[in-house]
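S.K.: take this sequence and fold it.
(chains A, B, C and D)
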There are 2 protein chains.
Amino acid sequence: MAPKWQELADELRALIVNGDLKPGQTLPQIRDLVEQGKGSKTTVQAAYKALEAEGLIAPSRGHGTVVLERPVLKRLGTERYDKAKWRDGDEVAFIADRKASNRPYQRSDQTQTVSRVPAPAQVAEAHGLPAGAEVYARARLVKEQGRPTHTLTSYYRPEHVEGTRLVDPTPGPAGRGGGFRVLYEAGYEPDSMKEVLHSRMPTPQERELLQLRPGEPVVELHRTTYTADGTVIEYAIGVHAASRFSWEYRFQIPDSAHVQKGVPQK
Amino acid sequence: MAPKWQELADELRALIVNGDLKPGQTLPQIRDLVEQGKGSKTTVQAAYKALEAEGLIAPSRGHGTVVLERPVLKRLGTERYDKAKWRDGDEVAFIADRKASNRPYQRSDQTQTVSRVPAPAQVAEAHGLPAGAEVYARARLVKEQGRPTHTLTSYYRPEHVEGTRLVDPTPGPAGRGGGFRVLYEAGYEPDSMKEVLHSRMPTPQERELLQLRPGEPVVELHRTTYTADGTVIEYAIGVHAASRFSWEYRFQIPDSAHVQKGVPQK
DNA sequence: TAGTGGTCTAGACCACTTC
DNA sequence: AAGTGGTCTAGACCACTAA
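M.R.: Residues are numbered from 1 along each chain as shown, chains lettered A, B, ... in the order given. You can find the predicted model right below:
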C-alpha cells in the first residue's frame, strides 16, 4: 500500500505529463485538496514537495503552485575551445559566438577573483606538485542574462602565469581571449584536454550561489589542459546547474591493436 | 530567519562533514531530539529528509539513521569501446577487463530484451528515418553485484541487423563480443562515436528500476555510433545512477583555421 | 517485545503576493 | 485585506528491525 501523499503525487504528476496541466498553469490549491478529503494539509504538502523535488513544479507564495517549463539545454561541444577564438587575441570570435546563439552579451555575465592558495589534493596531483604547494586559483561565476549557470575555477602553476595579466588581483572579467590567450602568450599553447564529468546533488552553498531550485542536481567537470609536449598548464573545476547544459564529445573508437594517432594517450 | 528544520539540518550536516559522525554511524534518534526541544517530530523529520535528499544519510526503520559512505565512482573512458574487445570475437578481453577491475563476473549482471518498435523522435532523426518508422530496440539492465547501475537501450535500423543473432527474440545476455561484434560481422564496422550527456532527477519508474535512493540524480547518455563512411549504425540511450559513474574524454583542442584530422567532423 | 523511522491528522500561526 | 504556500505542534497509529 503506497502512502497517501505518494498516491496524490502520482495523480498530480499524471496530469502534468499528460499535458492536462501545462507549463505556467497552477495546480489545485492545497487547502482545496484538503477540503476534498485528499488528506491533511501536511499530507497534501508532502505530495507537492515530492513533485517540487522532481523539478516539475515550483511554489509561489500568495499566488499558487505552477507547472514549470522544461528548459532548453545548452549543448557544450569541444568547438567551444576553438583556437581561433583566443589565439588571435581579438574578441570578434567571442562576440560572433554570442550573437550566433542569440544570447545578449553583458560584461556582468562573468565575475572573477584571483588568489594564491594551497593546491587542493586533486589539483596538486594533476600539476605534479607536492601536497600543499601554492597555485593560482582563478574563480569565475558565470551568469546568463543575470542568472548564474555555473562556477569555474582554474588552477595554474605559479611559474606559468606569474607576471601575466591573469594574476592581476583587480577583480573583473578576463581580458581579450581569456586565460588561454595569456598562457599562449607566455609560451604555453593549449593543445589537448581531458574532461571528467560526474553528477551529484549540490551542497547548500552551491544551491544558494547558483540559485538552484530544490532537487536540482549539478554536474561537476574537471578539465585538464595540456601543451603539445604533455605539460599540464591548467586544471579547472566547474560546477554546472544540471538543467542548463549537456555535453557532447566525438571520438574515434580506439584500437589497442594499432598505433593511436592524434589523441593523447597519457 | 531560517526555518527551524533547516537550522537543525545545518547542525547535523556540520557533524557529518566535519567527521564527528563517520559513515556507518547512526544519527541521534528522532524522538530524542524531540525531547531535547529541537522541535516536534515533524520538524525533526523534515531536517532528516533534507539530509537524505542530499545523499548524506539513509534511514533504516527499527535500527536508526546512518551516515552513508561516499561511493567510489567508476570512470568510463573511451577505451571501454576498444575494438580489441569485440572485433576478434572472443570473450578474453571482456573477462580480463572484469578481472582487472576486481569485479566478479556474473551472467545475471546483464539482462536484455529485443523488440521491434516505432522509433522515438530522437532515434528516427539520428538514423535519418521518417517519424514512426520501425527499428529494433535492444534494452539492457546492467547490474553490478546484483545492484542495478544503469539501463542501456540500443536502436538499430532493421536492414542492419535483420537475420543476425542480435534480433533473436530469446531473452538473455548478449553473445560473444556484444552488439558491435554483430554489426562488424554484418559488414558495418563501428568506427567513431558521438556521446551527449546531461543530468536530471529520475522519473519514479527509473527510481524503482535502478533502486535509486531518494534524491539521487541520473545521467542520461545518448550515444551515436558511425561507420567510417558516416553511416549511423546504432543510437543508444543510457540512464545511469549518478553516484556510480564518471565520464572521461580526451581530445585535441580544435582549430577552425586548420584542417581537422582524426576526429569526425559531421 | 521493544525500539526505530514513516505517515497522518487538526489546527495554529507566519511570510509573501495580489488586489 | 484576502488568499496563497510554509512552518510548526502534539499526538496517534503503522511498518519494519533486532534482540
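
S.K.: which ones are touching the residue nearest to A:Leu68 when sequence neighbours are not counted?
M.R.: Of all residues not flanking A:Leu68 in the chain, A:Ala58 sits nearest, at 5.5 Å (CB to CB, 6 or more residues apart in numbering or on different chains). Bear in mind the C-beta positions are built from the backbone N, C-alpha and C, glycine included. Residues near A:Ala58 by CB atoms under 8 Å, 6 or more residues apart in numbering or on different chains: A:52, A:65-66, A:68, A:213.

S.K.: please apply the same query to A:Leu152.
M.R.: Applying CB under 8 Å, 6+ apart, one finds that A:Leu152 lies in contact with A:139-140, A:142, A:236-238.

S.K.: what's the farthest-apart pair in those residues?
M.R.: Using CB to CB, those span at most 13.4 Å, a distance reached by A:Val142 and A:Ile237.

S.K.: beyond the lowest-mean-pLDDT helix or strand in chain A, next helix or strand please.
M.R.: Scoring the helices and strands of chain A by mean pLDDT, DSSP states H and E places helix A:92-100 at the bottom, with a mean of 55. Toward the C-terminus, helix A:92-100 is succeeded by strand A:110-118 as the next helix or strand (DSSP states H and E).

S.K.: in that following strand, which residues are buried?
M.R.: By 16 or more other CB atoms under 10 Å in any protein chain shown, the buried positions in strand A:110-118 come out as A:112, A:114.

S.K.: could you list every helix and strand in contact with that strand?
M.R.: strand A:134-144 (3 or more CB pairs under 8 Å, 6 or more residues apart in numbering or on different chains; DSSP states H and E).

S.K.: buried residues in the strand it packs on, which are they?
M.R.: Neighbour counts using 16+ other CB under 10 Å place A:135-143 of strand A:134-144 among the buried residues.

S.K.: over to stretch A:157-167?
M.R.: In stretch A:157-167, the ones that count as buried by 16+ other CB under 10 Å are A:157, A:160-161, A:164, A:166-167.

S.K.: also near DNA strand D: which of the residues you listed, exactly?
M.R.: Residues of the buried residues of stretch A:157-167 in contact with DNA strand D (CB under 7 Å from any atom of the strand): none.

S.K.: closest to B:Pro148 among these?
M.R.: Nearest to B:Pro148 among the buried residues of stretch A:157-167, with distances taken as CB to CB, is A:Arg157, at 42.6 Å.

S.K.: so what's the residue lying closest to that closest one once chain neighbours are set aside up against?
M.R.: Nearest residue to A:Arg157, sequence neighbours excluded (CB to CB, 6+ apart): A:His127, at 5.5 Å. Contacts for A:His127 (CB under 8 Å, 6+ apart) come out as A:119, A:133, A:135, A:155, A:157, A:232, A:235.

S.K.: please redo it, this time with the cut-off set to 7 Å
M.R.: Contact analysis of A:His127 by CB atoms under 7 Å, 6 or more residues apart in numbering or on different chains lists A:119, A:135, A:157, A:232, A:235.

S.K.: state the distance from it to chain B.
M.R.: As defined by CB to the nearest CB, to the nearest Å, A:His127 lies at a distance of 17 Å from chain B.

S.K.: how about A:Gly187, phi and psi?
M.R.: phi 90, psi 10 (degrees, to the nearest 10).

S.K.: roughly how far apart are it and DNA strand C?
M.R.: Separation of A:Gly187 from DNA strand C (CB to the nearest atom of the strand, to the nearest Å): 53 Å.

S.K.: what is the burial count for that residue?
M.R.: When neighbours are counted by other CB atoms under 10 Å in any protein chain shown, A:Gly187 registers 9.

S.K.: same thing with A:Pro23?
M.R.: Per other CB under 10 Å, the neighbour tally for A:Pro23 reads 13.

S.K.: circling back to that earlier point, would you convert the buried residues of stretch A:157-167 into CSV that also reports distance to A:Arg244, secondary structure and pLDDT?
M.R.: Shown next, in CSV, are these (distance: CB to CB, whole Å; DSSP: H, G, I helix; E, B strand; the rest coil; pLDDT from 0 to 100):
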residue, distance to A:Arg244, secondary structure, pLDDT
A:Arg157, 31, coil, 96
A:His160, 31, helix, 94
A:Val161, 29, helix, 92
A:Thr164, 31, coil, 86
A:Leu166, 27, helix, 83
A:Val167, 30, helix, 81
